[in-house]
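Visitor: what shape does this take:
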Amino acid sequence: MTPQIGFLVVAFIFLVILLSSFVSVKQGTIVVITVFGKYRRILTPGLNFKIPFIENIYSKISIQNRSVELEFQAVTFDQANVYFKAMLLYSVLDQQEETIKNVAFKFVDERNLMQALIRTVEGSIRAFVATKRQSEVLILRRDIVEHVKEQLDVILEGWGYHLQDLQLNDITFDEVIMKSMSQVVASNNLKAAAENEGQALLITKTKAAEAEGNAIKISAEAERQASQLRGQGVALFREEVAKGMTVAAKEMKEANMDTSVILFTMWTESIKHFAENSQGNVIFLDGSTEAMQQTMKEMMALNQMHAVQVKK
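Guide: Have a look, this model is predicted:
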């Protein structure tokens, strides 16, 4: 082998060693470095340097959020089966060296971590549900989540992880229980509808009675006022007639005429008024001289009585 070829081989080997000394770490990832199987250090995102053939990449740990879906069953205090569908969101606790060491070496692989995490969440929820009745489970969704977080925070911190969120997407029961729940809801709705209908009918009838009572009061008040006005009108009419007769009688006396002419004129005017406004009704009047004289005497007596009252 010529010196030139040997130089090229050495240069190639040196280039390979040099290139293998640089490690590029993606954003959101931490690389764990070991030396002969023992933990040495961690590499953060960006371009890093490692000792070739001595330092080895043990694992790459993602510090981004990760999620997993869960489906499991629990039993309530009154022996009802409850089926859960949940979504678990978790992540590495932080980027400190001790935390990364726990994440890298606590479990053999990712599958064992998932198994332990899922079983721990299921066990915590089952223990909580076992103390509640079936009627309470649906309204305790938030309480279940808070209970699981409280129980798991300490455990997950020892593993280097943090539970970000737990969402209970679906909570169901056996078909028989779901049917009975639907019947209870339907009967409660019917009861509420009947109560509302009764209240509406009561309000309607009450308002109608109040309106009818008010209408009767208004009608009675109007009738009272009308009767009062009619009475006042009749009284005023009589007063005006009396005043007119008094004035007419006075003028007749001053003219040396008999005042009975006034009464005769009123009598004839009354008969004329009856005839003009009878509208087909039959009115019987005693047209004899005796009847007219009797009427004239009664009207004169009323006139004299009114004149005496006026003088007083």
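Visitor: I'd guessed Asp78 sits against Val137; true?
Guide: No: counting by Cβ atoms under 8 Å, Asp78 does not reach Val137; the two are 10.3 Å apart. In this view, the C-beta of every residue, glycine as well, is placed from N, C-alpha and C.
Visitor: higher neighbour count, these two?
Guide: Val137 (22 against 10; other Cβ atoms under 10 Å).
Visitor: report the beta-bridge partner residues of the closest residue in space to that one that isn't next to it in sequence.
Guide: In space, and not counting its chain neighbours, Val137 is closest to Val82: 5.7 Å by Cβ to Cβ, 6 or more residues apart in numbering. With DSSP bridges applied, Val82 shows beta-bridge pairing to Ala74, Phe173.
Visitor: now swap in Leu168 and tell me
Guide: Applying DSSP bridges, one finds that Leu168 bridges with Ala86.
Visitor: go ahead and confirm it touches Val145.
Guide: Yes: between Leu168 and Val145 there is a contact under Cβ under 8 Å: 6.7 Å.
Visitor: re earlier: so how many other residues sit close to the residue nearest to Val137?
Guide: Around Val82 there are 21 residues (other Cβ under 10 Å).
Visitor: for it, what are its contacts?
Guide: 73-76, 129, 134, 137, 171-173 (Cβ atoms under 8 Å, 6 or more residues apart in numbering).
Visitor: most neighbours among those, please name it.
Guide: Val129 (24 neighbours).
Visitor: and for that residue, nearest residue in space, chain neighbours not counted?
Guide: Excluding the flanking residues, the one nearest Val129 by Cβ to Cβ, 6+ apart is Ala74, at 4.1 Å.
Visitor: so how far is Leu166 from the one you found?
Guide: Relative to Leu166, Ala74 is positioned 14 Å away (criterion: Cβ to Cβ, to the nearest Å).
Visitor: does anything pack onto the longest helix seen in the chain? Which helices or strands?
Guide: If you go by DSSP state H, the chain has its longest helix at helix 175-254. Using 3 or more Cβ pairs under 8 Å, 6 or more residues apart in numbering; DSSP states H and E, the elements in contact with helix 175-254 are helix 260-277, helix 289-311.
Visitor: kindly recompute the last result at 6 Å.
Guide: Contacts defined by 3 or more Cβ pairs under 6 Å, 6 or more residues apart in numbering; DSSP states H and E place helix 175-254 against no helix or strand at all.
Visitor: okay, strands next: where are they in the stretch 1-150 of the chain?
Guide: 22-25, 29-35, 38-43, 46-49, 55-62, 66-75, 81-92 (DSSP state E, counting those that start in this stretch).
Visitor: I'd like those strands written out as CSV, with mean pLDDT added.
Guide: Below are the strands of the stretch 1-150 of the chain laid out as CSV (pLDDT from 0 to 100):
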stretch, mean pLDDT
strand 22-25, 84
strand 29-35, 90
strand 38-43, 88
strand 46-49, 86
strand 55-62, 87
strand 66-75, 88
strand 81-92, 88
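Visitor: which ones are touching Ile13?
Guide: Going by Cβ atoms under 6 Å, 6 or more residues apart in numbering, Ile13 touches no other residue.
Visitor: count the neighbours of Gln68 for me.
Guide: Slight slip there: residue 68 is Val, not Gln. Considering only other Cβ under 10 Å, Val68 is surrounded by 13 other residues.
Visitor: excluding chain neighbours, what is closest to it?
Guide: Leu88 (5.0 Å).
Visitor: show me what contacts the one you found?
Guide: 68, 70, 166.
Visitor: distance of it relative to Asp78?
Guide: Leu88 sits at a distance of 27 Å from Asp78 (criterion: Cβ to Cβ).
Visitor: for the closest residue to Thr76 other than its chain neighbours, list the residues it contacts.
Guide: Nearest non-adjacent residue to Thr76, counting by Cβ to Cβ, 6+ apart: Gln134, 4.8 Å away. Contacts for Gln134 (Cβ under 6 Å, 6+ apart) come out as 76, 78, 80.
Visitor: any chance of these in a markdown table, plus pLDDT?
Guide: Listed next are those as a markdown table, based on pLDDT from 0 to 100:
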| residue | pLDDT |
| --- | --- |
| Thr76 | 87 |
| Asp78 | 83 |
| Ala80 | 84 |
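Visitor: which of those residues sits closest to Val108?
Guide: Thr76 (35.8 Å; Cβ to Cβ).
Visitor: re earlier: format the strands of the stretch 1-150 of the chain as CSV; extra columns: distance to Glu221.
Guide: Below are the strands of the stretch 1-150 of the chain laid out as CSV (distance: least, Cβ to Cβ, whole Å):
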stretch, distance to Glu221
strand 22-25, 97
strand 29-35, 92
strand 38-43, 97
strand 46-49, 96
strand 55-62, 89
strand 66-75, 74
strand 81-92, 70
